[in-house]
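Student: How does the following fold in three dimensions:
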Amino acid sequence: MQKMSLKHLYGNFKNALSGFNAVYQTQCAFRTEICFCVPLLLIALLMPVSLIEKVLLIYPVFFVWACELANTALETTVDRISKEWHPLSKRAKDIGSALVLTAFIQLILSWALILLHIFV
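Tutor: As a prediction, the model looks like this:
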């Protein structure tokens, strides 16, 4: 297996930041998710819960962001292929949206269960 150079790692990191910037600049949903989820991260870090509970509160936030990134990549690819409406393009985009919705449901359930455990 070939060793990865620091220059290669830096290039990969730079490309990833470019991807984040592109999604942030072009996707209102991603900006909304950032505004919604950053306070949740801060709350999770400050809550008087165990380390495992903190992880269970923080992980779904990053999962929502990862799903939104994947959804945007999928939509961008579909649009690159053709801007014309096609039932398979719609299905692909709908499935991407379902991915993000599933992540949000996981986030809500994780937070609800842990908050119920703490306060009830």
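
Student: chain center to the top helix by length along the chain: distance?
Tutor: Assignment by DSSP state H gives helix 87-119 as the longest helix of the chain. Chain-centre distance of helix 87-119: 10 Å, with CA atoms, centre = their mean, to the nearest Å.

Student: again with stretch 35-54
Tutor: 16 Å.

Student: which residues does the nearest residue to Val100 once chain neighbours are set aside contact?
Tutor: Distances taken as CB to CB, 6 or more residues apart in numbering put Cys67 closest to Val100, at 4.7 Å, once the chain neighbours are dropped. Heads up, the C-betas are built off the backbone N, CA and C, glycines and all. Shown in contact with Cys67 (CB atoms under 8 Å, 6 or more residues apart in numbering): 99-100, 102-103.

Student: Quick check on Cys67: phi, psi?
Tutor: Reported as degrees, to the nearest 10, the phi and psi values for Cys67 are phi -70, psi -40.

Student: please renumber so the chain begins at 21
Tutor: New numbering, starting at 21: the last item is Cys87.

Student: how much space between it and Thr46?
Tutor: Using CB to CB, to the nearest Å, one gets 17 Å for the distance from Cys87 to Thr46.

Student: Give me the below-cutoff pLDDT ranges for the chain.
Tutor: 21-22 (pLDDT under 70).

Student: Name the nearest residue to Trp85, ignoring sequence neighbours.
Tutor: Here the residue nearest Trp85, using CB to CB, 6+ apart, is Glu53, at 6.4 Å.

Student: what about the most centrally placed residue in the chain, which helix or strand?
Tutor: Central residue of the chain (CA atoms, centre = their mean): Trp85, 1.3 Å from the mean position. Using DSSP states H and E, Trp85 falls within helix 71-101.
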